[in-house]
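[1] From the sequence below, what's the structure:
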Amino acid sequence: MGDPFAPLENTDNSASASRQQNHDWIPVAPVPADAPAAPEKHPKLGRPTAKWTYRDAGAVLLGFVLRFDGKDGKVFRPLVLHRRGEKREWRWSSWSTPRPLYGLDRLADKPNAHVLVTEGEKAADAAARLLPELAVVTSPNGSKGASHADWTSLRGRVVIIWPDADAAGLDYANAVARLVKRAGAKSVAIVSPPTDASVGWDAADAEADGWTHERCARLVRSATHADAAASPSAGDGRRRTPQRDTLIGLTERCDLWHDSYRTAFVTFPVNAHRENWPVRSREFRMWLSSRFFEETGAAIGGQALEDGIRILEARAVNDGPEHVPATRVGRAQDRLYRPGRRELASRRDRCERLARGEASTDQDGALGRDATFARAGGRWHDRGAAAIPQRSR
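    The predicted structure is shown next:
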């Protein structure tokens, strides 16, 4: 998919001439006071469902970004004043690169404040309400727009990046970190979303979830300096493989999948059996940390572990198959029990017997005599359960 913020081109029979005409239109920013009024709706997409106003450091209008929601989902379009000769016209085309940041007026109003960079205008506005002591900005065109934005206004500032909780958000954060350091930022740090955050979670979701100022401030204070997350160079000048990439490589024997609620799960080997856990579970984190130490002899960094978890979570949700997770229970005398420790240590043969509905007696006495395990379909989801893959129906 092309950049929706790139200049639009006509596709009629005189395409070559039309492209030349489009290139003749030059963006005008800031917008002069005598400019024509901007249109209220898009000729094809209709009226927007959200509108964000871009202003410069003096609060003078630069243009807009609008969101449209239709049958094909959400679509974003820039709306910028252009001129060709003496004619001025609002066009559904972006600014010239480098493009202005959203929130330059907030940045100028707080010259000594730390700067928070979010991914997208909606998240930026939410973060500004949650953390009013910070100057919040973002680049146009979301996760794909970092390299096209002008970051020079962050020279000499302390910058904290709050990305979306997904792989695209991690890529955006790393790209912004490089660009703002190149622009002369005093320091750069990256926030790691909370471990229980859903895929794509951001500041707008935090606000919707009822996060307080204090909770958001703690999250931002926990940000890891971007320099600490960078991979060191080997003694011969070659760049070492980042811990995150090494960690991802250790999951080749793991199966990533998700349920109907798009919760990410992973099936991984433990001793002589396989277990199913949510990707963000403590158990899977411990397994990853242990495997990393076995492979490298070093402890995994907290940021690298969190980055790896987010990438695996995105892969499970976006690329993995859908299964139905189920918890094994025992039934005896009209009561349901979870399996006891000894039963949980059983291997695939026991699990296959239970899948057929055969009676089993728990030797630890947790279930009582002749308790029958129930399975609703899908994958076992409990401590020590062997994986019996079955696609959801």
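[2] For the closest residue to Pro278 other than its chain neighbours, give me its contacts.
    The shortest distance from Pro278 to any residue other than its chain neighbours is 5.7 Å, reached at Phe265 (C-beta to C-beta, 6 or more residues apart in numbering). For the C-beta atoms, the positions are set from N, CA and C on the backbone; glycine is no exception. Contacts for Phe265 were tallied using C-beta atoms under 8 Å, 6 or more residues apart in numbering; they are 256-259, 276-279, 316, 323, 325, 379, 381.
[3] list the contacts for Thr152?
    By C-beta under 8 Å, 6+ apart, Thr152 lies in contact with 183-184.
[4] Buried ones from the contacts of Phe265, can you make that a ChimeraX selection?
    Remark: buried members of those, expressed as a ChimeraX selection using 16 or more other C-beta atoms under 10 Å:
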select :256,257,258,259,276,277,278,279,316,323,325,379,381
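[5] and of the contacts of Phe265, the nearest to Lys186?
    The closest of those to Lys186 turns out to be Val279 (C-beta to C-beta; 35.0 Å).
[6] In this structure the closest one contacts Leu312, no?
    Yes - between Val279 and Leu312 there is a contact at 5.4 Å, judged by C-beta atoms under 8 Å.
[7] what's the span of stretch 37-48 from first residue to last?
    With C-alpha to C-alpha, to the nearest Å as the measure, stretch 37-48 spans 16 Å from end to end.
[8] I'd like the distance from it to the chain centre, please.
    Chain-centre distance of stretch 37-48: 30 Å, with C-alpha atoms, centre = their mean, to the nearest Å.
[9] Could you pull up the mean pLDDT of it?
    For stretch 37-48, mean pLDDT rounds to 94.
[10] Pull the residues that contact that stretch.
    Residues from elsewhere that reach stretch 37-48, judged by C-beta under 8 Å, 6+ apart: 64, 66-68, 70, 75, 77, 79, 81, 90, 92.
[11] Among those, which one has the most neighbours?
    In terms of neighbours by other C-beta atoms under 10 Å, these top out with Leu81 at 24 neighbours.
[12] Now, the contacts of Phe265 that are in helices?
    Applying DSSP state H to the contacts of Phe265, the entries found in helices are Ala316.
[13] Nearest to Ala203 among the contacts of Phe265?
    With C-beta to C-beta as the yardstick, the closest approach to Ala203 among these comes from Val279, at 22.2 Å.
[14] How about the closest one, nearest residue that isn't a chain neighbour?
    Ala264 (4.1 Å).
[15] Which stretches in this protein count as helices?
    Residue ranges of the helices in the chain, as given by DSSP H, are 15-24, 104-109, 121-130, 167-182, 203-208, 213-221, 226-229, 243-249, 282-296, 302-318, 341-344, 348-355.
[16] thinking again about what came up before, okay, and the beta partners of the residue nearest to Pro278?
    Phe265 has these beta-bridge partners by DSSP bridges: Trp257, Pro278.
[17] Pull up the per-residue confidence for Pro339.
    Pro339 is assigned 54 on the pLDDT scale.
[18] Next up, the contacts around the residue most central in space within the chain.
    With distances taken as C-alpha atoms, centre = their mean, Asp166 lies nearest the centre of the chain, 2.4 Å away. When contacts are counted by C-beta under 8 Å, 6+ apart, Asp166 is found next to 199-200, 310, 313-314.
[19] For the stretch 151-300 of the chain, give me the ranges with low pLDDT.
    Confidence mapping of the stretch 151-300 of the chain against pLDDT under 70 gives the ranges 227-241.
[20] picking that back up, out of the contacts of stretch 37-48, which comes closest to Asp209?
    Nearest to Asp209 among the contacts of stretch 37-48: Arg67, at 21.0 Å, using C-beta to C-beta.
[21] circling back: closest to Ala149 among the contacts of Asp166?
    Here the nearest of the contacts of Asp166 to Ala149, counting by C-beta to C-beta, is Gly200; it sits at 21.1 Å.
[22] okay, now that closest one: neighbour count?
    Burial measure for Gly200: 16 neighbouring residues, criterion other C-beta under 10 Å.
[23] I'd say it and Asp164 touch.
    Yes - counting by C-beta under 8 Å, Gly200 touches Asp164, with 5.3 Å between them.
[24] Need the residues touching each of Val279 and Leu312.
    Contact criterion C-beta under 8 Å, 6+ apart; residues shared by Val279 and Leu312: 256, 264, 266.
[25] and which of those is nearest Arg155?
    Lowest distance from Arg155 to the shared contacts of Val279 and Leu312 (C-beta to C-beta) belongs to Ala264, with 38.8 Å.
[26] What is the longest strand along the chain packed up against?
    Looking only at the chain and at elements set by DSSP state E, the strand with the highest residue count is strand 73-84. Where contact means 3 or more C-beta pairs under 8 Å, 6 or more residues apart in numbering; DSSP states H and E, strand 73-84 is packed against strand 26-27, strand 61-70, strand 87-91.
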